[in-house]
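Colleague: got a structure for you, letters missing:
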């Protein structure tokens, strides 16, 4: 039995939380979710901590890690290592704080399952709800379009190697990918993707280790490129390239859907997300560092924005055997389907909140027909834009810089400071505010550099082109 002193320490905190939950204007008021089909169907809470780990790993560890040697190109060895490690530490800390905020709200009688509701509730601002939903929609739709585009490009690469004079164009392969995505989009809930996302985790490890082996093979071959790790000659160019590289690394670590992932956990969710984070960052450690080091070691300041293109250049002999690189392309293709599904869940949840009837079964005709129609239309629209805008990578870079920074590097610190109220003299308070200030500046500079690249590449843009602008 606890003694009176222990009760005196515990009860005030619990009473405070109860008062917050009961207060009429409190951000922690309980929402009646009995008629919320988006929560009941798409964000159903049945998962274990390792399922959240699968979802989070799929959201972060994707083919974008193959751009890390290119990011090192603008930073060099030591600064590259420093930035990659610092971003990893900051994002883990940020996601950890976000999980603490969600746990705090759950203990106070209010479990948040959507990022937009959490931000609006804690900050007490209605406009924040629409700000978050706008940023989330931009990020998630952009990634869905990018996943379809890159999957189509993977199919095109395989086709062009098998049939060098084939008549099929990029948009034909994008149409094929879109059809497959329409079928996969009918998985009814985020939780139902757990096995797919476990496969995605395995695929990310598989193609990373294949790429590492291919880079080692390329570095040891007689055709190995001369290694040059020097930076830009001009001081202004070095600074600009450095901030572009930092922005790339920050975007690679971002996801923007952690509350929705934590929503899939069976209640009580408190403490479970941390285990999922540790699983995810173990995979990040294995994949990010190995891909960055091996690729930059071989190609140095000639690293391409996709290390596969460096290994299989358009001109000259391939630097890795096709039988080795081929499976990596297939694994990337398969994982892109999982990534597209994960980042579509917020859109599906918004649709079903309005279109579905929670009193009917999830597979009832009343809910199944609208689900098929709406999700198919969403994927078709994403596929259309992927085919029309094969230069979408430049556009999504702008969206990433503007979107990931506030959702993953600013809001978690701000929400923690408001809910947990660390003393102004405490280390946590100053660390959190320093991260907010630094990464707001990084976001602004990253957006500037991305817009600059968009303008520079504008002369190469052509609608429905069969070539992706690098």
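Modeller: That came through fine. Model, not experiment: these values are computed from the prediction.
Colleague: quick one: low-confidence ranges for this protein?
Modeller: For the chain, applying pLDDT under 70 flags the ranges 1-34, 314, 390-401, 453, 456-470.
Colleague: can you tell me which helix in it is longest?
Modeller: As assigned by DSSP state H, the longest helix anywhere in the chain is helix 126-162.
Colleague: Go through that one and flag the buried ones.
Modeller: Applying a neighbour-count criterion of 16 or more other Cβ atoms under 10 Å, one finds 128-129, 131-133, 135-136, 138-157 buried in helix 126-162. (C-beta placed from N, C-alpha, C; glycine too.)
Colleague: helices and strands around the next helix-or-strand element following it, which ones?
Modeller: Note on helix 126-162: by DSSP states H and E, the next helix or strand toward the C-terminus is helix 170-184. Under the contact definition 3 or more Cβ pairs under 8 Å, 6 or more residues apart in numbering; DSSP states H and E, helix 170-184 sits against helix 126-162, helix 322-355, helix 365-388.
Colleague: quick one, the longest helix of the chain and helix 170-184 angle?
Modeller: Here the directions of helix 126-162 and helix 170-184 differ by 120 degrees (axes from the mean of the first three to the mean of the last three Cα atoms, to 10 degrees).
Colleague: right, and the helices and strands packed on helix 170-184 - which one's nearest residue 66?
Modeller: helix 322-355 (7.9 Å; Cβ to Cβ).
Colleague: quick check, distance from the closest one to the centre of its chain.
Modeller: The chain centre lies 11 Å from the centre of helix 322-355; the measure is Cα atoms, centre = their mean, to the nearest Å.
Colleague: Kindly report the same for stretch 288-308.
Modeller: Worked out by Cα atoms, centre = their mean, stretch 288-308 lies 21 Å from the chain centre.
Colleague: and the longest helix of the chain with helix 322-355, angle?
Modeller: Calculated by the same axes, to 10 degrees, helix 126-162 forms an angle of 150 degrees with helix 322-355.
Colleague: and helix 126-162, what other elements does it pack with?
Modeller: helix 115-123, helix 170-184, helix 322-355, helix 365-388, helix 392-404.
Colleague: elements contacting the next helix or strand after the last one?
Modeller: The reference is to helix 392-404. From helix 392-404 onward toward the C-terminus, using DSSP H and E, the following helix or strand is helix 411-420. In this structure, helix 411-420 makes packing contacts with helix 77-107, helix 115-123, helix 427-457, judged by 3+ Cβ pairs under 8 Å, 6+ apart.
Colleague: Of all those helices, which one comes closest to residue 265?
Modeller: Closest of these to residue 265 is helix 77-107, at 9.7 Å (criterion: Cβ to Cβ).
Colleague: Please compute how far that closest one lies from its chain's middle.
Modeller: Here helix 77-107 is found 14 Å from its chain centre; the criterion is Cα atoms, centre = their mean.
Colleague: hmm, back to that, out of the helices and strands packed on helix 126-162, which comes closest to residue 52?
Modeller: helix 322-355 (11.9 Å).
Colleague: and residue 202, how many neighbours does it have?
Modeller: 15 (other Cβ atoms under 10 Å).
Colleague: How about the secondary structure of it?
Modeller: helix (DSSP: H, G, I helix; E, B strand; the rest coil).
Colleague: now the residue nearest to residue 261 when sequence neighbours are not counted: how far from residue 277?
Modeller: Distance criterion Cβ to Cβ, 6 or more residues apart in numbering; nearest residue to residue 261, sequence neighbours excluded, is residue 55 at 4.7 Å. Distance from residue 55 to residue 277, counting by Cβ to Cβ, to the nearest Å: 11 Å.
Colleague: between those two, who's got more neighbours?
Modeller: More neighbours surround residue 55 than the other of residue 55 and residue 277, with 33 against 23 (other Cβ under 10 Å).
Colleague: The more buried one: what's it in contact with?
Modeller: Neighbouring residues of residue 55 by Cβ atoms under 8 Å, 6 or more residues apart in numbering: 190, 193-194, 197, 261, 264, 276, 342.
Colleague: do you know which of the helices and strands packed on helix 170-184 lies nearest residue 431?
Modeller: Short answer: helix 126-162, nearest of those by Cβ to Cβ, at 23.0 Å.
Colleague: quick one on the thing from earlier: list the buried ones in the helix or strand harbouring the residue nearest to residue 261?
Modeller: With elements taken from DSSP H and E, the one containing residue 55 is helix 49-60. Buried residues in helix 49-60, defined by neighbour count with 16+ other Cβ under 10 Å: 49, 51-60.
Colleague: ditto for stretch 105-117
Modeller: So stretch 105-117, judged by 16+ other Cβ under 10 Å, has buried residues 105-108, 110-117.
Colleague: Just name the closest of those residues to residue 328, please.
Modeller: The nearest member of those to residue 328, counting by Cβ to Cβ, is residue 115 at 33.1 Å.
Colleague: Tell me how far that closest one lies from residue 408.
Modeller: Separation of residue 115 from residue 408 (Cβ to Cβ): 10 Å.
Colleague: and what of residue 295?
Modeller: Counting by Cβ to Cβ, the separation of residue 295 from residue 408 is 24 Å.
Colleague: Those two: who's more crowded?
Modeller: With neighbours defined as other Cβ under 10 Å, residue 295 and residue 408 compare such that residue 295 has more, 32 against 25.
Colleague: I'd say that one and residue 303 touch.
Modeller: Yes. Residue 295 is within contact range of residue 303, at 6.0 Å (criterion: Cβ atoms under 8 Å).
Colleague: Can you work out which residues contact both of the two?
Modeller: Residues touching both residue 295 and residue 303 (Cβ under 8 Å, 6+ apart): 69, 72, 310.
Colleague: now the residue lying closest to residue 303 once chain neighbours are set aside: how far from residue 213?
Modeller: Distances taken as Cβ to Cβ, 6+ apart put residue 69 closest to residue 303, at 4.0 Å, once the chain neighbours are dropped. As for residue 69, its distance to residue 213 is 15 Å (criterion: Cβ to Cβ).
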